[in-house]
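Enquirer: pasting the sequence and the predicted coordinates here, then a few questions.
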Amino acid sequence: MTPGVTPLVAGNWKMNGTAASLGEIRDVCAGLDHKDALPHETLLCLPATLIERAASVAADSVLSIGGEDCHPLESGAHTGDISAEMLADAGATAVIVGHSERRTDHSETNALVADKAKAAWRAGLSAIVCVGETREERESGNAENVVASQLAGSVPDAMNAANTVIAYEPVWAIGTGLVPSGDDIEAMHALIRRIMTERFGSEGEGVRILYGGSVKPANAKEIFSIANVDGGLVGGASLKASDFLAICEGVGA
Ligand SMILES: O=C[C@H](O)COP(=O)(O)O
C-alpha cells in the first residue's frame, strides 16, 4: 500500500453475468455495508447490459459500478460500441481502458487507449488504465520496457490522481492461477510509481496502482501488503460475492 492513498478493490466481470447474477451484487453490497469506515473503495466493472440494474441495486451502498471499455467518441455511427457518456448515464463512475484482452482481441493501441481515457474524463468517469507484459516479454527481459512504453503511450498528459487508476496486469497471470513473486510485483509497481511521479509529480505520487492477475482470497492479503500496491483488479474471483468480499478483507488486514 502507499501511505495516504485510499486503496481500491475493483472487480472486472468481463463477458459474464446476466440478470441472474444481480444477486451477487446484492450480496456484495450487503457484505460491505454492514462494516463501518471501510479502509478501501470498492468497484465492480460490469458488462454494459448490467450497469443500470447493478447501479440501481447498489444505489444506497458504498459499492460503485463501472464499465469495461468505452469508445473515444461521445456518439455517432459506431455499431455495437458504447460511449463513456452512455456508461455515465447508466450509473457508472469508472471505466477500464486498455485491458490486455481488448488490446489483443481488438488490436487496441496505446494511442487508442489514451483517447479512451480522455473520453472517460470527458464523461466524468475515472479511467482504469491497464498495462502489463506477456510471458514472452517477461522471459526475454523486456517486461519493464513494455510497461514503461505502455504507460508513456496510454496515459494522457491531463492525468491526475483522482481521475485515473493504473492497473498492472501481467498477461500471463490473468486467469491462469499464476502470480509473479512478491519481489517481482514490488519491482514493477516501484517502476510504475517512479515513472508516474517523474512525469506527473504529486499526482503520480498519489495515483493508485492496482495489481491484477489471479488475485484470490488466499493471496490477496499478501499482495495488498506490497509497497505501491494500492488494491487489486480482480477478474474471475469477483464473480462470486463471497470470494470478492474475502479479497476485500485482505486490505489493511
Ligand atoms: O481485469 C482483471 C484481470 O484480467 C484479472 O483476471 P483474473 O483475476 O481472472 O486473473
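Expert: Looks like it came in fine. Numbers count the residues shown, from 1 in each chain.

Enquirer: now do the same contact list for Gly175.
Expert: Residues in contact with Gly175 (C-beta atoms under 8 Å, 6 or more residues apart in numbering) are Ser214, Gly235, Gly236. Every C-beta, even on glycine, is put in place using the N, C-alpha and C of the backbone.

Enquirer: which bits of the stretch 51-200 of the chain sit near the ligand?
Expert: Neighbours of the ligand within the stretch 51-200 of the chain, by C-beta under 6 Å from any ligand atom: His99, Glu169, Ile174, Gly175.

Enquirer: show me which of those are buried.
Expert: In these, burial by neighbour count holds for His99, Glu169, Ile174, counting by 16 or more other C-beta atoms under 10 Å.

Enquirer: quick one: which of those residues sit in helices?
Expert: Counting by DSSP state H, no part of these is found in helices.

Enquirer: ok, these vs Gly206, which is closest?
Expert: Distance ranking of these against Gly206, using C-beta to C-beta, places Glu169 first at 20.9 Å.

Enquirer: give me the distance from stretch 61-72 to the chain's centre.
Expert: Chain-centre distance of stretch 61-72: 10 Å, with C-alpha atoms, centre = their mean, to the nearest Å.

Enquirer: helices of the stretch 151-253 of the chain, start to end?
Expert: For the stretch 151-253 of the chain, the helices defined by DSSP state H, counting those that start in this stretch occupy 182-200, 202-206, 220-224, 241-248.

Enquirer: nearest to Gln150 among those would be which one?
Expert: Among the helices of the stretch 151-253 of the chain, helix 182-200 comes nearest to Gln150, with 10.0 Å by C-beta to C-beta.

Enquirer: pull out the buried positions in the closest one.
Expert: Counting neighbours by 16+ other C-beta under 10 Å, helix 182-200 gives Ile185, Ala187, Met188, His189, Leu191, Ile192, Arg193, Ile195, Met196, Phe200 as buried.
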